[in-house]
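K.L.:
Have a look; sequence and predicted model below, questions after that.
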Amino acid sequence: MRKLSQKIRSILGDIKFRRDIQSFERVNHQTVNFEEAQKIGLLYDATDPGNYEAVKNYVKKVRGLRKEVLALGYVDKKELPHNQFAQYGLDFFCRKNLDFKMTPKNTVVTNFINEKFDILIHLNGRKIFPLRYIAALSHAKFRVGKYDRRNFFLYDLMISVGEGSTISQFIEEAERYLKLIKK
C-alpha cells in the first residue's frame, strides 16, 4: 500500500513539476565561470553523512576564496537527525517539508530557489525529485549538474562522471570545467 501511495504522489509531483516548468520564466540566464562567480549555490543529497562532510569542506574552501556560498541538503528521512543541524550557509530539509505531491514547502527552500546565485551546482547523482524540482526553478544565472540526457532543459552545463563517482569527485570536476569557461 505504501509503494502505491508513493507512486501516486510521484506521478502527481511530476505533473506539477511539468506545469511549474512551463510557467517558469528564467530572466537572468548567462554563462558564468568560476573566477567571476561571487555567489555559489550547492544542492545535494545530505542523507549520507559523507556527502555532508564533503560539502561542508568545499564550502570552507570556497569561502576562503572570498566567495559567498550557500548549500541546501535534502535528508531523505521523516525528521532531520539530531547531528545534522543548520550552520551558516548549510541548510537542510527533509520529508516532512514535502507536500503530498513531493514538492518542497519550506521557507528555507523557497529562499534558496529565489536566491540569485551566479552558479548553482547540483551535486546529486541519484534522481531525487525534490532536488530536481529546486534546481529547475532556481533563479541562478548558470546551472550545473550531472549528465542525464533527460535533463537538457534543466542545466546549462552537464558534466559526465563515472557511475560510482563520489560527491567530492563531482565537485572537483565541476570546478575544473567552470574554470575552463571563457567569456
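P.N.:
On my side now, so go ahead.
K.L.:
from here on, contacts and neighbour counts on C-alpha atoms
P.N.:
Noted.
K.L.:
immediately after the lowest-mean-pLDDT helix or strand in the chain, which helix or strand?
P.N.:
The helix or strand with the lowest mean pLDDT-type score in the chain, counting by mean pLDDT, DSSP states H and E, is helix 2-23 (a mean of 70). Proceeding C-terminally, helix 2-23 gives way to strand 39-45 as the next helix or strand, assigned by DSSP states H and E.
K.L.:
Report the distance from that next one to the chain centre.
P.N.:
Taking CA atoms, centre = their mean, to the nearest Å, one finds the center of strand 39-45 at 5 Å from the center of the full chain.
K.L.:
Compute the mean per-residue pLDDT across it, please.
P.N.:
Here the mean pLDDT over strand 39-45 is 96, rounded to a whole number.
K.L.:
Name every strand pairing with that strand and say which way it goes.
P.N.:
Strand pairing for strand 39-45, using DSSP bridges, gives strand 68-75 (parallel), strand 119-122 (parallel).
K.L.:
Please identify the deepest-packed of those.
P.N.:
Of all these, strand 119-122 carries the top mean neighbour count, a mean of 26, counting by mean count of other CA atoms under 10 Å.
K.L.:
Grab the most central residue of the protein for me.
P.N.:
Leu43 (2.5 Å; CA atoms, centre = their mean).
K.L.:
beta partners for that one?
P.N.:
Where Leu43 sits in a bridge, its partners, by DSSP bridges, are Leu72, His122.
K.L.:
pretty sure it contacts Val69?
P.N.:
No. Proximity of Leu43 to Val69 does not meet the contact threshold set by CA atoms under 8 Å, at 11.0 Å.
K.L.:
hang on, the earlier thing: Glu35: which of the strands paired with strand 39-45 is closest?
P.N.:
Closest approach to Glu35 among these is made by strand 119-122 (10.9 Å; CA to CA).
K.L.:
So what's the gap between the closest one and the chain middle?
P.N.:
6 Å.
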